[in-house]
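Asks: would you be able to build a 3D model of this:
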Amino acid sequence: MPRTRHVPERTCIACGRKFPKRELARIVRSPQGGVTADPTGKSPGRGSYLCRAAGCWERGVRRGALERGLRTGLSQQEKTSLMEYYLASVSQTITVED
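Replies: Coordinates of the predicted model:
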């Protein structure tokens, strides 16, 4: 009987739903204290995950869910950078499921 491969799951910090890790965007607080998007999912530091829904990014970035998850404050520049990342990368990869 063939083995099924383990698929790591992570939780979106805004909506609380679980998804396969590859379907979420990782936001990382580096050891130096900067907050950036982590497209590889492998950067060192404390990470939090957001799903691709626009409402989750709104809640995560603008309403403080990321700040709580990363245990740090976000500057206005970091918030702008994360929203630009969402608009450029994440929102373009949304697929419609039947």
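Asks: alpha carbons only for contacts and neighbour counts from here, please
Replies: Noted.
Asks: for this structure, what's the longest helix?
Replies: helix 76-85 (DSSP state H).
Asks: residues of that helix that come out buried?
Replies: Of the residues in helix 76-85, 78-79, 82-83, 85 count as buried by neighbour count, 16 or more other CA atoms under 10 Å.
Asks: same check on stretch 31-44?
Replies: 35-39, 41, 43.
Asks: closest to M1 among those?
Replies: Closest approach between the buried residues of stretch 31-44 and M1, by CA to CA: G41, at 31.8 Å.
Asks: name the nearest residue to the closest one, sequence neighbours excluded.
Replies: R26 (6.0 Å; CA to CA, 6 or more residues apart in numbering).
Asks: so who does that neighbour touch?
Replies: Each residue near R26 by CA atoms under 8 Å, 6 or more residues apart in numbering is listed here: 37-39, 41, 47-50.
Asks: and the strands in the protein?
Replies: For the chain, the strands defined by DSSP state E occupy 9-11, 18-20, 25-29, 35-38, 46-50.
Asks: now for the first one, which elements pack on it?
Replies: Spelled out, it's strand 9-11. With contacts taken as 3 or more CA pairs under 8 Å, 6 or more residues apart in numbering; DSSP states H and E, strand 9-11 sits against strand 18-20, strand 46-50.
Asks: returning to what we had before: identify the bridge partners of the residue nearest to G41.
Replies: Assessed by DSSP bridges, R26 has beta-bridge partners D38, Y49.
Asks: export the contacts of R26 to CSV and append columns for distance to R3 and pLDDT.
Replies: Converted to CSV, the contacts of R26 look like this (distance: CA to CA, whole Å; pLDDT from 0 to 100):
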residue, distance to R3, pLDDT
A37, 34, 95
D38, 31, 95
P39, 29, 92
G41, 25, 91
G47, 30, 96
S48, 30, 97
Y49, 28, 97
L50, 30, 97
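Asks: just the residues you listed now: which is nearest P2?
Replies: Distances from P2 to the contacts of R26, taken by CA to CA, are shortest for G41, at 28.3 Å.
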